[in-house]
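# Got a sequence here, can you model it:
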Amino acid sequence: MASKIIMYTDGAARGNPGPGGYGTVLISGKYRKELSEGFRLTTNNRMELLAVIVGLEALKNEGNFVTIYSDSKYVVDSVEKGWVFNWEKKGYKGKKNSDLWKRFLISYRKHKIKFIWVKGHANIPENERCDTLAVEASKKSNLKIDEGYENANNNDNMLF
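Sure thing, here's the model as predicted:
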């Protein structure tokens, strides 16, 4: 059965690139779930996008009506203005974060999604909570490896 879900997301990087994290808050009726994770080397945009992906992947059923609140113009505009669909048609040629955009589109197509851009650090409680989750996650010990980022950059630096 389709549910109405509200999702707030935020990403953070201490340095860009640097240690980073994401925070996601999912709300459906009386239910609430918070998700976060930190990575040793990543970018703010990757964490903003990963926050959305992880939130969508956490949904147990398909066909939900999901309203996503994000302070990332990168993420919101890429979807709402249709850029990501053009990138997909062109094989993501020359586009950063293609590994995450491919992953995003798999989950995106399972639901009815609407993005709403919100101003960051504007005292929107759930957005502030996501920011806290993201920053705290970026400061944890034993941070995960953002393989999509680190592998892409290692390949870019190869001289052969």
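# and stretch 131-144, which residues are buried?
For stretch 131-144, the neighbour count (16 or more other C-beta atoms under 10 Å) marks 131, 133-135, 137-138, 143 as buried. Heads up, the C-betas are built off the backbone N, CA and C, glycines and all.
# For the residues you listed, work out which two are farthest apart.
Within the buried residues of stretch 131-144, Asp131 and Leu143 form the most distant pair, 17.9 Å apart (C-beta to C-beta).
# Mind checking which of the buried residues of stretch 131-144 land in helices?
131, 133-135, 137-138 (DSSP state H).
# Going by distance to Pro125, which of those wins?
After measuring those against Pro125 - C-beta to C-beta - the closest member comes out as Asp131, at 10.7 Å.
# What residues does the closest one make contact with?
10, 12, 23, 120-121 (C-beta atoms under 8 Å, 6 or more residues apart in numbering).
# same thing but at 10 Å, please
8, 10-12, 23, 71, 120-121, 124 (C-beta atoms under 10 Å, 6 or more residues apart in numbering).
# Against Asn61, how distant is it?
In this structure, Asp131 and Asn61 are 28 Å apart, going by C-beta to C-beta, to the nearest Å.
# ditto for Lys4
Lys4 is 12 Å from Asn61, by C-beta to C-beta.
# Same question for Ser72.
With C-beta to C-beta as the criterion, Ser72 and Asn61 are 26 Å apart.
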